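Q: below: sequence and its predicted model.
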Amino acid sequence: MAATTFASQIAIPQRSLRSLAELFAKEAKYEILKNIRIPIYAASTIVFPLMFYVLFGIVLTPNNPVNRSEDATYLLATMGTFGVMGAALFGFAVSLAMERGQGWLQVKRASPMPLAAYFTAKLVSAMLFSGAIALALLAIGYTFAGVRLAPVRAAELVGILVMAAIPFGAMGLALGYIAKPNSAPAVVNLIYLPLSFCSGLWIPIFLLPKFLREVARALPPFHISQLALRAVGMSRDAYSVSTHLEALAGFTLLFLGLAVVLYRRDEGQLYG
């Protein structure tokens, strides 16, 4: 019996640049709305850094207004880095791990939507929350702690913290493919909190033991916090800006490369 073979054609949708931009914008919009409607995400990413800032930058600082202002200015950079790292790691790692477990990523892969729109939406959401954290910290510092930054310095700080979502998002992307849905929050916390301490975000880096100061130089939060401290005029670091940027670019590429490998492994497990 002869078998008849029919040529199959796969229709690949051709979109205009405007249509593609609208698709990316819509995906980002719904990702942001999703995160806003999850109270535990908003609380853990925005309230925690603000709470720690108030505690360490206002409540536990000396009564001397000058010392309080200096401490609060320093903590704008370190607590801002702490908050941005949380927003990116929870927004990428936990969200991605849970959506993989729910099968939502399979739906996205099967749809005609570019998968890049899915990951871009998460990055846009992390950047938005990062900006909100930075602005909220500035508002508290100006209102209650006597912080006085020139508008240019304040804008530079916000810009650094918003862009910090990129390396932290790349880290979260890799973790999202490593962690299981139920264990993802615990895995993120086991990485997030020690990284914060060892990078000098809770205790000034120059007060940490020498071996921890050496460890910190190999961690992304250290480089972000040092750039942020430069923006507020409180850095004691001997490294140049280009050194920090090169380190962050290297970390980002490393985590993105790991995420690609893990993505292909995950794809093979689903469809191989």
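A: Yep, that arrived.
Q: hmm, residue 119 is touching residue 173, no?
A: Yes - shown here, residue 119 and residue 173 form a contact pair, counting by CB atoms under 8 Å, at 7.0 Å. Quick note: C-beta positions are derived from backbone N, CA and C, even for glycine.
Q: more neighbours, the two?
A: residue 173 (24 against 20; other CB atoms under 10 Å).
Q: does that one sit in a helix or strand, and which one?
A: Counting by DSSP states H and E, the element that carries residue 173 is helix 165-178.
Q: that helix - what's its average pLDDT?
A: For helix 165-178, the mean pLDDT works out to 95.
Q: and if you look at stretch 50-67?
A: Per-residue scores along stretch 50-67 average to 82.
Q: ok, residues contacting it?
A: The contact list for stretch 50-67 (CB atoms under 8 Å, 6 or more residues apart in numbering) reads 68, 71-72, 75-76, 79, 82-83, 133, 136-137, 140-141, 144-146, 202.
Q: thinking again about what came up before, what are the buried residues along the helix holding residue 173?
A: If you call a residue buried by 16 or more other CB atoms under 10 Å, then helix 165-178 has these buried ones: 165-177.
Q: want to throw those residues into CSV with distance to residue 40?
A: Formatted as CSV, the buried residues of helix 165-178 follow (distance: CB to CB, whole Å):
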residue, distance to residue 40
165, 19
166, 24
167, 24
168, 19
169, 19
170, 23
171, 21
172, 16
173, 21
174, 23
175, 18
176, 17
177, 22
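Q: so for the nearest residue to residue 239 once chain neighbours are set aside, what's the pLDDT?
A: Using CB to CB, 6 or more residues apart in numbering and skipping the chain neighbours, the partner closest in space to residue 239 is residue 226 (6.9 Å). Note for residue 226: predicted pLDDT of 95.
Q: dump the residue contacts of residue 226.
A: Contacts of residue 226 (CB under 8 Å, 6+ apart): 235, 237, 239, 244.
Q: between these, which is nearest residue 264?
A: Nearest to residue 264 among the contacts of residue 226: residue 244, at 31.0 Å, using CB to CB.
Q: now that closest one: phi and psi?
A: In terms of degrees, to the nearest 10, the main-chain angles of residue 244 are phi -60, psi -40.
Q: ok, residue 74 - contacts?
A: 204, 229, 232, 234.
Q: surely the last one meets residue 72?
A: No - counting by CB under 8 Å, residue 234 stays clear of residue 72, with 10.5 Å between them.
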